[in-house]
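> no FASTA, just this:
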(Lines give C-alpha, C1' and ligand atoms only; values in the text may rest on other atoms or scores of the structure.)
Protein backbone atom coordinates (compact mmCIF):
# COMPACT_ATOMS: atom_id res chain seq x y z
CA UNK A 1 0.00 0.00 0.00
CA UNK A 2 1.09 3.58 -0.86
CA UNK A 3 4.37 2.25 -2.32
CA UNK A 4 5.66 1.56 1.22
CA UNK A 5 7.71 -1.63 1.22
CA UNK A 6 7.22 -2.17 4.96
CA UNK A 7 3.44 -2.49 4.50
CA UNK A 8 1.97 -5.73 3.19
CA UNK A 9 -1.59 -6.93 2.67
CA UNK A 10 -2.68 -10.39 1.53
CA UNK A 11 -6.11 -11.96 1.03
CA UNK A 12 -7.29 -15.45 0.09
CA UNK A 13 -10.96 -16.27 -0.53
CA UNK A 14 -13.02 -19.35 -1.41
CA UNK A 15 -16.69 -19.18 -2.45
CA UNK A 16 -19.02 -22.15 -2.99
CA UNK A 17 -22.32 -21.42 -4.79
CA UNK A 18 -25.44 -23.18 -3.53
CA UNK A 19 -28.91 -23.61 -5.02
CA UNK A 20 -30.23 -20.49 -3.28
CA UNK A 21 -27.10 -18.47 -2.54
CA UNK A 22 -23.55 -19.21 -1.50
CA UNK A 23 -21.08 -19.90 1.29
CA UNK A 24 -17.51 -18.77 1.58
CA UNK A 25 -14.56 -17.87 3.73
CA UNK A 26 -11.58 -15.54 3.51
CA UNK A 27 -8.39 -14.80 5.39
CA UNK A 28 -6.96 -11.27 5.39
CA UNK A 29 -3.59 -10.21 6.80
CA UNK A 30 -2.14 -6.72 7.05
CA UNK A 31 1.33 -6.26 8.51
CA UNK A 32 3.88 -3.52 9.15
CA UNK A 33 7.40 -5.00 9.30
CA UNK A 34 6.18 -7.64 11.82
CA UNK A 35 5.67 -5.07 14.61
CA UNK A 36 1.99 -4.54 13.77
CA UNK A 37 -0.38 -7.20 12.48
CA UNK A 38 -4.08 -7.31 11.72
CA UNK A 39 -5.81 -10.57 10.78
CA UNK A 40 -9.36 -11.40 9.80
CA UNK A 41 -10.84 -14.87 9.32
CA UNK A 42 -14.28 -14.50 7.79
CA UNK A 43 -17.15 -16.88 7.09
CA UNK A 44 -20.00 -15.58 4.95
CA UNK A 45 -23.34 -16.96 3.82
CA UNK A 46 -26.09 -15.66 1.57
CA UNK A 47 -29.52 -16.87 0.55
CA UNK A 48 -32.14 -15.87 -2.00
CA UNK A 49 -35.35 -15.18 -0.05
CA UNK A 50 -37.38 -14.28 -3.14
CA UNK A 51 -36.89 -14.01 -6.89
CA UNK A 52 -35.50 -10.46 -6.52
CA UNK A 53 -34.05 -10.35 -2.99
CA UNK A 54 -30.88 -11.87 -1.52
CA UNK A 55 -29.70 -11.48 2.09
CA UNK A 56 -26.29 -12.25 3.55
CA UNK A 57 -24.24 -12.18 6.73
CA UNK A 58 -20.53 -12.32 7.62
CA UNK A 59 -19.04 -13.57 10.88
CA UNK A 60 -15.39 -12.58 11.17
CA UNK A 61 -12.76 -13.28 13.80
CA UNK A 62 -10.67 -10.11 13.92
CA UNK A 63 -7.22 -10.10 15.51
CA UNK A 64 -4.76 -7.32 16.33
CA UNK A 65 -1.17 -7.60 17.58
CA UNK A 66 1.21 -4.71 18.35
CA UNK A 67 4.70 -5.50 19.64
CA UNK A 68 5.11 -4.19 23.18
CA UNK A 69 1.37 -3.71 23.66
CA UNK A 70 -0.01 -7.24 23.38
CA UNK A 71 -2.78 -8.68 21.24
CA UNK A 72 -6.57 -8.99 21.16
CA UNK A 73 -9.28 -10.63 19.09
CA UNK A 74 -13.03 -10.35 18.77
CA UNK A 75 -15.91 -11.61 16.63
CA UNK A 76 -17.34 -9.06 14.16
CA UNK A 77 -20.64 -9.06 12.29
CA UNK A 78 -21.58 -7.67 8.86
CA UNK A 79 -24.98 -7.96 7.16
CA UNK A 80 -26.47 -6.88 3.86
CA UNK A 81 -29.05 -7.32 1.15
CA UNK A 82 -29.31 -7.04 -2.63
CA UNK A 83 -32.53 -6.29 -4.51
CA UNK A 84 -32.91 -6.66 -8.27
CA UNK A 85 -35.24 -3.92 -9.51
CA UNK A 86 -34.86 -5.12 -13.10
CA UNK A 87 -32.33 -7.22 -15.05
CA UNK A 88 -30.35 -3.99 -15.61
CA UNK A 89 -30.69 -2.33 -12.18
CA UNK A 90 -29.78 -3.60 -8.69
CA UNK A 91 -29.63 -1.86 -5.34
CA UNK A 92 -27.78 -3.02 -2.24
CA UNK A 93 -27.48 -2.11 1.44
CA UNK A 94 -24.78 -3.32 3.84
CA UNK A 95 -23.66 -2.67 7.39
CA UNK A 96 -20.13 -3.47 8.61
CA UNK A 97 -18.73 -4.00 12.14
CA UNK A 98 -22.25 -3.82 13.53
CA UNK A 99 -21.09 -4.89 17.01
CA UNK A 100 -17.98 -2.64 17.21
CA UNK A 101 -15.34 -5.42 17.24
CA UNK A 102 -11.99 -4.18 18.60
CA UNK A 103 -13.49 -0.67 18.62
CA UNK A 104 -13.78 -0.76 14.81
CA UNK A 105 -16.29 1.81 13.64
CA UNK A 106 -19.61 0.87 12.14
CA UNK A 107 -20.06 1.77 8.50
CA UNK A 108 -23.02 1.61 6.15
CA UNK A 109 -23.10 1.40 2.37
CA UNK A 110 -25.90 1.92 -0.13
CA UNK A 111 -25.06 0.94 -3.69
CA UNK A 112 -26.72 1.19 -7.08
CA UNK A 113 -25.61 -0.96 -10.02
CA UNK A 114 -26.75 -0.13 -13.55
CA UNK A 115 -26.01 -2.10 -16.73
CA UNK A 116 -27.21 0.16 -19.58
CA UNK A 117 -25.73 -2.18 -22.20
CA UNK A 118 -24.50 -5.75 -21.93
CA UNK A 119 -20.75 -4.98 -21.70
CA UNK A 120 -20.94 -1.84 -19.50
CA UNK A 121 -21.47 -1.75 -15.74
CA UNK A 122 -21.82 1.49 -13.73
CA UNK A 123 -21.78 1.47 -9.92
CA UNK A 124 -22.56 4.29 -7.48
CA UNK A 125 -21.86 3.81 -3.78
CA UNK A 126 -22.65 5.99 -0.76
CA UNK A 127 -20.59 5.14 2.34
CA UNK A 128 -21.10 6.51 5.85
CA UNK A 129 -18.71 5.76 8.70
CA UNK A 130 -19.63 6.83 12.23
CA UNK A 131 -17.11 9.64 12.76
CA UNK A 132 -16.71 10.77 9.17
CA UNK A 133 -18.81 12.48 6.53
CA UNK A 134 -20.54 10.35 3.94
CA UNK A 135 -18.57 9.66 0.77
CA UNK A 136 -19.75 8.99 -2.77
CA UNK A 137 -17.84 6.59 -5.01
CA UNK A 138 -18.47 6.05 -8.71
CA UNK A 139 -16.99 3.29 -10.83
CA UNK A 140 -17.39 1.65 -14.20
CA UNK A 141 -16.39 -1.62 -15.83
CA UNK A 142 -16.34 -1.91 -19.63
CA UNK A 143 -15.68 -5.21 -21.39
CA UNK A 144 -13.85 -4.44 -24.63
CA UNK A 145 -13.91 -8.12 -25.61
CA UNK A 146 -15.07 -11.30 -23.87
CA UNK A 147 -11.59 -11.56 -22.32
CA UNK A 148 -10.57 -7.96 -21.52
CA UNK A 149 -12.22 -5.25 -19.43
CA UNK A 150 -11.18 -1.78 -18.30
CA UNK A 151 -12.19 -0.22 -14.98
CA UNK A 152 -12.07 3.29 -13.54
CA UNK A 153 -13.37 4.96 -10.40
CA UNK A 154 -13.52 8.24 -8.49
CA UNK A 155 -14.46 9.47 -5.03
CA UNK A 156 -16.28 12.74 -4.50
CA UNK A 157 -13.87 15.52 -3.37
CA UNK A 158 -10.88 13.31 -4.28
CA UNK A 159 -10.64 13.71 -8.05
CA UNK A 160 -6.86 13.75 -7.59
CA UNK A 161 -7.12 10.13 -6.40
CA UNK A 162 -8.59 8.17 -9.32
CA UNK A 163 -8.51 4.40 -9.47
CA UNK A 164 -7.74 2.57 -12.71
CA UNK A 165 -7.69 -1.12 -13.48
CA UNK A 166 -8.14 -3.95 -15.92
CA UNK A 167 -9.29 -7.55 -15.95
CA UNK A 168 -8.13 -10.40 -18.17
CA UNK A 169 -10.17 -13.61 -18.42
CA UNK A 170 -8.67 -16.71 -20.04
CA UNK A 171 -10.78 -19.83 -19.70
CA UNK A 172 -11.27 -20.44 -15.97
CA UNK A 173 -8.50 -18.05 -14.85
CA UNK A 174 -9.03 -14.33 -14.24
CA UNK A 175 -6.30 -11.78 -13.53
CA UNK A 176 -7.23 -8.36 -12.14
CA UNK A 177 -5.03 -5.33 -11.54
CA UNK A 178 -5.92 -1.94 -10.09
CA UNK A 179 -4.01 1.16 -9.08
CA UNK A 180 -5.30 3.76 -6.62
CA UNK A 181 -3.46 7.07 -6.71
CA UNK A 182 -2.82 9.26 -3.65
CA UNK A 183 -1.45 12.81 -3.97
CA UNK A 184 0.81 12.54 -0.89
CA UNK A 185 1.42 8.90 -0.01
CA UNK A 186 1.99 7.35 -3.43
CA UNK A 187 0.07 4.77 -5.39
CA UNK A 188 -1.35 1.47 -4.15
CA UNK A 189 -1.17 -1.47 -6.56
CA UNK A 190 -3.57 -4.38 -6.13
CA UNK A 191 -3.23 -7.74 -7.93
CA UNK A 192 -5.59 -10.69 -7.79
CA UNK A 193 -5.89 -14.12 -9.40
CA UNK A 194 -9.22 -15.95 -9.55
CA UNK A 195 -9.87 -19.55 -10.61
CA UNK A 196 -13.39 -20.64 -11.54
CA UNK A 197 -14.24 -24.36 -11.31
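Ah, there it is. Model, not experiment: these values are computed from the prediction.
> for the protein, which strand is longest?
When the chain is scanned for its longest strand (criterion: DSSP state E), the result is strand 70-86.
> Which helix or strand lies directly C-terminal to that one?
strand 89-96 (DSSP states H and E).
> Could you report the distance from residue 42 to residue 81?
18 Å (CB to CB, to the nearest Å). (Each C-beta comes from the backbone N, C-alpha and C, glycine too.)
> More neighbours: which of the two?
residue 42 (18 against 15; other CB atoms under 10 Å).
> Just list whatever residues bridge to the more buried one.
Beta-bridge pairing for residue 42 (DSSP bridges): residue 26, residue 60.
> contacting residues for it?
Applying CB atoms under 8 Å, 6 or more residues apart in numbering, one finds that residue 42 lies in contact with 25-28, 58-61.
> Over to residue 152?
139-140, 162-165.
> again, 7 Å this time
The neighbourhood of residue 152, defined by CB atoms under 7 Å, 6 or more residues apart in numbering, consists of 139-140, 162-164.
> Only the buried residues of the helix or strand that contains it, if you could.
Following DSSP H and E, one finds residue 152 within strand 148-155. Neighbour-count burial for strand 148-155 flags 149, 151, 153-155 (criterion: 16 or more other CB atoms under 10 Å).
> quick one: the next helix-or-strand element following that strand to strand 148-155, angle?
Going down the chain from strand 148-155, the next helix or strand is strand 163-170, by DSSP H and E. Our comparison of strand 163-170 with strand 148-155, counting by axes from the mean of the first three to the mean of the last three CA atoms, to 10 degrees, yields an angle of 160 degrees.
> so how far is the helix or strand that strand 163-170 is followed by off the chain centroid?
Note on strand 163-170: by DSSP H and E, the next helix or strand toward the C-terminus is strand 173-180. Going by CA atoms, centre = their mean, to the nearest Å, the spacing between the C-alpha centre of strand 173-180 and its chain's C-alpha centre is 13 Å.
> Check which helices and strands the helix or strand that comes right after strand 173-180 sits against.
Next helix or strand after strand 173-180 toward the C-terminus (DSSP H and E): strand 188-195. Packing partners of strand 188-195 (3 or more CB pairs under 7 Å, 6 or more residues apart in numbering; DSSP states H and E): strand 173-180.
> Each with direction, which strands does the strand it packs on pair with?
Partners of strand 173-180 in its sheet, by DSSP bridges: strand 163-170 (antiparallel), strand 188-195 (antiparallel).
> Tell me which of those lies nearest to residue 5.
Nearest of the strands paired with strand 173-180 to residue 5, taken as CB to CB: strand 188-195 at 12.2 Å.
> buried residues in stretch 100-115?
The neighbour-count check on stretch 100-115 (16+ other CB under 10 Å) flags 101, 104, 107-109, 111, 113-115 as buried.
> show me what contacts the residue lying closest to residue 40 once chain neighbours are set aside?
Among residues not flanking residue 40 along the chain, residue 28 sits closest, at 4.2 Å (CB to CB, 6 or more residues apart in numbering). By CB under 7 Å, 6+ apart, residue 28 lies in contact with 11, 39-40.
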